[in-house]
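**Q** sequence first, then the predicted structure:
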Amino acid sequence: MIDLDNRINREGFSLNNSGNLEFDQCEIIKLAQKYKTPCYVFSETIIRKKCRQYVNAFSERNVTFEMLYAGKAFLVKAMCNILKEEGFSLDVSSGGELYTALSAGFPPNKIFFHGNNKSKEEIEFALKEKVGTMMVDSEYELDLIDQIAENLNTKLGIILRVTPGIDTHTHKHIQTGQVDSKFGISIDRVPNFMKKVLSKEHISYNGLHFHLGSQIFDISPYVLAIKEMVKLMRKIKDLEGIDTLNLNLGGGLGG
């Protein structure tokens, strides 16, 4: 027999009086019998608790912030409703995720459209639905967004994805912030890239963004990346005379 008492150490799990495993007071066996397997089970209680922990951590430090949930982790209408009630904004990475969010009544102005190599149809969809912000990680995408926005006679706020040149202690296949990453604009190219951004009539520069990777358990790479990004923000100010009002720190913290 396996001693489950010594193995159940994650939040939400317990053994009931019958010796059966429960998750958030729901018996796993009964869930499997009702919904069959494989079955993915989420705890609304724990999700809301985690949301509030992040919000409280920033609130206690008296900083202006906006909390985003990465839809690529898990997104259904019920999840969108929880996030909306908890005051979160939403990061989507595909037309499908955007459709799910809008179908759930999520406010489009609180949606950030991320993801590289977005299709023309996805960009048009986002613009027509008045999505709040779009992440740009290449010159090609910048030109495409501006062209589509011009065709639709609208203007879109963007943030630039920058590779800050920071290595993280995670698997090499899920690192995204190193110098040679295929995602984003290398930090040394951003000052020249900004000139093109500011020349676009249908694009509004809203800030910078970086993403270091996934399953990161050490926050020190974030500290290093933030310092590099602040230097870049000052350089943009010196060269172009504009302030960078938003810095998106990405996700990737290990659970």
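**A** Okay, I see it.
**Q** and the most centrally placed residue in the chain, what does it touch?
**A** Centroid-nearest residue in the chain: Ala70, 3.8 Å away (criterion: C-alpha atoms, centre = their mean). Residues near Ala70 by C-beta atoms under 8 Å, 6 or more residues apart in numbering: Asp91, Ser93, Gly251. For the C-beta atoms, the positions are set from N, CA and C on the backbone; glycine is no exception.
**Q** which ones are touching the closest residue to Lys155 other than its chain neighbours?
**A** Spatial nearest neighbour of Lys155, excluding adjacent residues (C-beta to C-beta, 6 or more residues apart in numbering): His202 at 5.1 Å. Each residue near His202 by C-beta under 8 Å, 6+ apart is listed here: Ile145, Asp146, Ala149, Glu150, Thr154, Lys155, Leu156.
**Q** and the residue nearest to the third one when sequence neighbours are not counted, how far from Lys120?
**A** Closest residue to Ala149 apart from its sequence neighbours, by C-beta to C-beta, 6+ apart: His202 at 3.7 Å. His202 sits 15 Å away from Lys120, going by C-beta to C-beta, to the nearest Å.
**Q** same thing with Arg61?
**A** Arg61 is 41 Å from Lys120, by C-beta to C-beta.
**Q** for Leu224, which non-adjacent residue is closest in space?
**A** Using C-beta to C-beta, 6+ apart and skipping residues adjacent in sequence, the residue nearest Leu224 is Ile166, 5.3 Å away.
**Q** pretty sure that neighbour sits against Glu228.
**A** Yes: applying C-beta atoms under 8 Å, one finds Ile166 in contact with Glu228, separated by 7.1 Å.
**Q** tell me which of the two has more neighbours.
**A** Neighbours were counted for Ile166 and for Glu228 using other C-beta atoms under 10 Å; Ile166 has more, 25 against 16.
**Q** secondary structure class for that one?
**A** When classified by DSSP: H, G, I helix; E, B strand; the rest coil, Ile166 comes out as coil.
**Q** quick check, pLDDT for it.
**A** Looking at Ile166, its pLDDT reads 81.
**Q** avg pLDDT for whichever strand or helix holds Met79?
**A** Assigned by DSSP states H and E, Met79 belongs to helix 77-85. Mean per-residue pLDDT for helix 77-85: 98.
**Q** could you tell me the end-to-end distance of stretch 104-112?
**A** The straight-line separation of the ends of stretch 104-112 (C-alpha to C-alpha, to the nearest Å) is 16 Å.
**Q** pull out the buried residues from it.
**A** By neighbour count with 16 or more other C-beta atoms under 10 Å, stretch 104-112 contains the buried residues Ala104, Phe106, Pro108, Lys110, Ile111, Phe112.
**Q** what do you get for stretch 235-242?
**A** Ile236.
**Q** please enumerate the strands of the protein.
**A** Using DSSP state E, the strands of the chain run over 13-15, 21-23, 26-27, 68-70, 89-92, 111-113, 133-136, 156-163, 185-186, 203-209, 247-248.
**Q** now those strands as JSON lines including mean pLDDT?
**A** Output for the strands of the chain, formatted as JSON lines (pLDDT from 0 to 100):
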{"stretch": "strand 13-15", "mean pLDDT": "91"}
{"stretch": "strand 21-23", "mean pLDDT": "94"}
{"stretch": "strand 26-27", "mean pLDDT": "96"}
{"stretch": "strand 68-70", "mean pLDDT": "96"}
{"stretch": "strand 89-92", "mean pLDDT": "98"}
{"stretch": "strand 111-113", "mean pLDDT": "98"}
{"stretch": "strand 133-136", "mean pLDDT": "97"}
{"stretch": "strand 156-163", "mean pLDDT": "96"}
{"stretch": "strand 185-186", "mean pLDDT": "92"}
{"stretch": "strand 203-209", "mean pLDDT": "97"}
{"stretch": "strand 247-248", "mean pLDDT": "96"}
